[in-house]
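Student: Build me a model from this:
(2 chains)
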Amino acid sequence: AQSVTQLDSQVPVFEEAPVELRCNYSSSVSVYLFWYVQYPNQGLQLLLKYLSGSTLVESINGFEAEFNKSQTSFHLRKPSVHISDTAEYFCAVSEISGGYQKVTFGIGTKLQVIP
Amino acid sequence: KAGVTQTPRYLIKTRGQQVTLSCSPISGHRSVSWYQQTPGQGLQFLFEYFSETQRNKGNFPGRFSGRQFSNSRSEMNVSTLELGDSALYLCASSGGTGYNEQFFGPGTRLTVL
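Tutor: Just a heads-up that it's a prediction; the model follows:
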């Protein structure tokens, strides 16, 4: 069975500082990996995804994540955070089984950007 | 295209009651998944419906049930509500076969008193 571990439940960081949100997964088959962001009182929005190809994937707002198969990790990074990045971030893994996907989410990491 | 819509957005019920939540997927999407989100537990998968059939189910008691209509709209029902059922219930729609990006609705915040 697949699982996702987000090691930090909360990460406080000063504005314009770099940040890394950690995510490790376990799965017995090939997987797809995702980061979702949830702003207060909203649903989840896809931030970025790894399906295949380059192990480094980027979002339009400056986040990036690198798929590391040997370490089974998919950490999310941003070199300089902004106040507007304050949100909860969820790592997710998807397996394709029987022709359809099964998605498992981590418990989430709350990023608090301090002015 | 309109996004995923969920109704109602907020709901307050008392223990023992039952509740029905509704989700309208993006037009053309045939898969609807339901998740329960609580602090410290993240998103817990409830079930997925595809073309009116439940094809995947999480580890929730039988009090949690769902269905999908021919227009892909889905409902989930929780009977005999317990305090621990208080949560944000999210639905997500996707195309349905192979890898498909999930699009989430804003959720229904259920409070059980």
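Student: Beyond the lengthiest strand in chain A, next helix or strand please.
Tutor: For chain A, the strand with the greatest residue count under DSSP state E is strand A:87-97. The helix or strand immediately downstream of strand A:87-97 is strand A:100-105, counting by DSSP states H and E.
Student: so where's chain B shaky on pLDDT?
Tutor: For chain B, the stretches with pLDDT under 70 are B:1, B:96-98.
Student: So which residues on it come close to chain A?
Tutor: Applying CB under 8 Å from any CB of the partner chain, we find that chain B lies next to chain A at B:4, B:31, B:33, B:35, B:40-43, B:45, B:48, B:50, B:55-56, B:90, B:92, B:94, B:96-107. Every C-beta, even on glycine, is put in place using the N, C-alpha and C of the backbone.
Student: Spell out which helix or strand contains residue B:40, please.
Tutor: Assessed by DSSP H and E, residue B:40 sits outside every helix and strand.
Student: What about it? Give its phi and psi, please.
Tutor: Torsion angles at residue B:40 (phi, psi; degrees, to the nearest 10) stand at phi 90, psi -10.
Student: How about it: what's its closest non-neighbour residue?
Tutor: residue A:107 (6.6 Å; CB to CB, 6 or more residues apart in numbering or on different chains).
Student: Isn't that neighbour up against residue B:39?
Tutor: No - the pair residue A:107 and residue B:39 does not pass the contact test of CB atoms under 8 Å, sitting 9.1 Å apart.
Student: okay, those two: which has more neighbours?
Tutor: Higher neighbour count among residue A:107 and residue B:39: residue A:107, with 19 against 12, using other CB atoms under 10 Å in any protein chain shown.
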